[in-house]
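K.L.:
just the structure for this:
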Amino acid sequence: MKGLRIGYIRVSSTDQNPDRQLEGVETDKLFIDHASGKDTQRPQLQAMLAYAREGDVVVVHSMDRLARNLDDLRRLVQQLTNRGISITFLKESLTFTGSDSPMAQLLLSVMGAFAEFERSLIRERQKEGIDLAKKNGVYKGRKQALSSEQVTELRQRAKAGEQKTALARAFGIDRTTLYKYLQSELKQELLPPDVTHLHKKLML
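P.N.:
Predicted coordinates:
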């Protein structure tokens, strides 16, 4: 019996388009995590590992989309192949089946190390860019997504019953950011009147 082709995608935020990673690749089942590379909480990865069966093929865009580091990569590949599940990395053009030669295992380690090294270089360049911007007095950090007027409008429209998905699209923000704005208002409403008054005075 032919196994299933199972796709796994990880994007670092809800702003990224997950469709690009396995674009044009046919899969029978797809699992998508929205998590950073350092995040150990990847529920869809765990769901994929539980779902896959002997004879299946797991397809991932690249090694760094599957694993957090080299040790994690080796562990996951071994966990899958020991169960008779193949795994294919499209970017690296590599497939591991469990019956791989020592040379294939060496290649896995080398390619994983390169992916980890590449990520460290990117982080270093980002840090250098931020440090330089701070030194020149032009770094202001992350800007607030919406103005105070937009936040007020957003909350009013949410109270009126407008769909959250439509609101997020209208204001050009993701659902996570939208809920943060709405939750901050809810917390304010739950404060006792005297505490709310004090809080507003402190904000002046």
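K.L.:
where does this structure have low pLDDT?
P.N.:
Along the chain, segments meeting pLDDT under 70 span 1, 13-16, 37, 100-101, 117, 119, 121, 124, 138-144, 185-204.
K.L.:
which parts of it are strands?
P.N.:
Here the chain has its strands, by DSSP state E, at 5-11, 29-34, 57-60, 86-89, 94-96.
K.L.:
quick check: buried residues in the shortest one?
P.N.:
Across strand 94-96, burial judged by 16 or more other CB atoms under 10 Å covers L94, F96. Backbone N, C-alpha and C define where each C-beta goes, glycine included.
K.L.:
got the strands of the chain as CSV, with distance to L167 columns?
P.N.:
Listed next are those as CSV, based on distance: least, CB to CB, whole Å:
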stretch, distance to L167
strand 5-11, 22
strand 29-34, 19
strand 57-60, 33
strand 86-89, 38
strand 94-96, 43
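K.L.:
nearest to L106, out of those strands?
P.N.:
strand 94-96 (11.9 Å; CB to CB).
K.L.:
what about the closest residue in space to Q41 that isn't next to it in sequence, how many residues nearby?
P.N.:
Spatial nearest neighbour of Q41, excluding adjacent residues (CB to CB, 6 or more residues apart in numbering): A35 at 6.5 Å. Look at A35: counted by other CB atoms under 10 Å, it has 17 neighbours.
K.L.:
OK, contacts around A35?
P.N.:
Contacts here follow CB atoms under 8 Å, 6 or more residues apart in numbering; on that basis A35 touches R10, S12, Q41, R42.
K.L.:
going by neighbour count, which of those comes out on top?
P.N.:
Busiest of the contacts of A35 [other CB under 10 Å] is R10, holding 26 neighbours.
K.L.:
so what sits opposite that one in the bridge?
P.N.:
Beta bridges link R10 to D33, judged by DSSP bridges.
K.L.:
contacting residues around N17?
P.N.:
Counting by CB under 8 Å, 6+ apart, N17 touches V11.
K.L.:
again, only this time at 6 Å
P.N.:
Contact analysis of N17 by CB atoms under 6 Å, 6 or more residues apart in numbering lists nothing.
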